[in-house]
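**Student:** structure of the sequence below:
(one chain, ligands or ions: 2)
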Amino acid sequence: MLGRLNHVAIAVPDLARGTEVYRSMLGATVSAPQAEPAHGVTVVFVELPNTKIELLEPLGENSPIRAFLEKNPAGGIHHVCYEVADILAARDHLKAEGARVLGDGTPKIGAHGKPVLFLHPKDFCGTLVELEQA
Ligand SMILES: CC[C@H](C(=O)O)C(=O)SCCNC(=O)CCNC(=O)[C@H](O)C(C)(C)COP(=O)(O)OP(=O)(O)OC[C@H]1O[C@@H](n2cnc3c(N)ncnc32)[C@H](O)[C@@H]1OP(=O)(O)O
Ligand SMILES: [Co+2]
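**Tutor:** Numbering: from 1, shown residues only. Ligands and ions are numbered 1, 2, ... in the order given. Below is the predicted model:
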């Protein structure tokens, strides 16, 4: 079911600072900030030869990553994103297996303009999993 690793996401308290760490300290190519109000975050993508790193900071009072950053004030790995060929079939399979799909189960358009879903970390080895339609 799983395709490519699309990105590994790191939640940060300060996106500009995180961008500088990757751009200046690590010499990476980093995209411009992309506000994603529907997801309550602003993101940048660090381009790597084989995948991407998504840096994300909270956007708005109800950001879903605020609690995570309260527990991890310096930031930390927040989720992994796998591509799937058919996100609705994947969702239905995982629900049939008893996994918790977050939200109402309807995919939202993510940072790459593709439908995405999130799976509860407690069902996936303590790791928040994002699925993105390939
Ligand atoms: C623009 C879209 C972009 C893209 O790539 O396209 C994105 O990636 S958007 C990313 C931001 N959006 C989301 O993360 C949506 C899904 N996340 C959520 O709904 C919440 O973050 C949730 C439900 C996973 C956790 O919310 P919260 O921390 O407020 O809830 P709890 O404190 O009740 O947490 C429950 C339990 O899970 C543990 N937890 C929380 N976050 C993570 C995490 N990232 N990785 C692993 N575990 C996590 C938390 O510690 C609690 O565990 P417990 O043992 O009960 O303390
Ligand atoms: Co993501």
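**Student:** not counting its neighbours along the chain, what's nearest G103?
**Tutor:** F118 (7.1 Å; C-beta to C-beta, 6 or more residues apart in numbering). Using the backbone N, CA and C atoms, a C-beta is placed for each residue, glycine as well.
**Student:** partner residues bridging the one you found?
**Tutor:** Using DSSP bridges, the beta-bridge partners of F118 come out as E130.
**Student:** run a quick neighbour tally on it.
**Tutor:** 20 (other C-beta atoms under 10 Å).
**Student:** and the residue found closest to A32 once you drop the neighbours it is linked to in the chain, what pLDDT?
**Tutor:** Spatial nearest neighbour of A32, excluding adjacent residues (C-beta to C-beta, 6+ apart): V44 at 7.0 Å. You'll see V44 listed with a pLDDT of 98.
**Student:** do R66 as well
**Tutor:** Taking R66 on its own, its pLDDT is 98.
**Student:** residues contacting it?
**Tutor:** P58 (C-beta atoms under 8 Å, 6 or more residues apart in numbering).
**Student:** ok, it to A85 distance?
**Tutor:** For R66, the distance to A85 (C-beta to C-beta, to the nearest Å) stands at 33 Å.
**Student:** do V41 as well
**Tutor:** In terms of C-beta to C-beta, V41 sits 26 Å off from A85.
**Student:** neighbour-wise, which of those two wins?
**Tutor:** The residue with more neighbours, out of V41 and A85, is V41; 24 against 11, by other C-beta under 10 Å.
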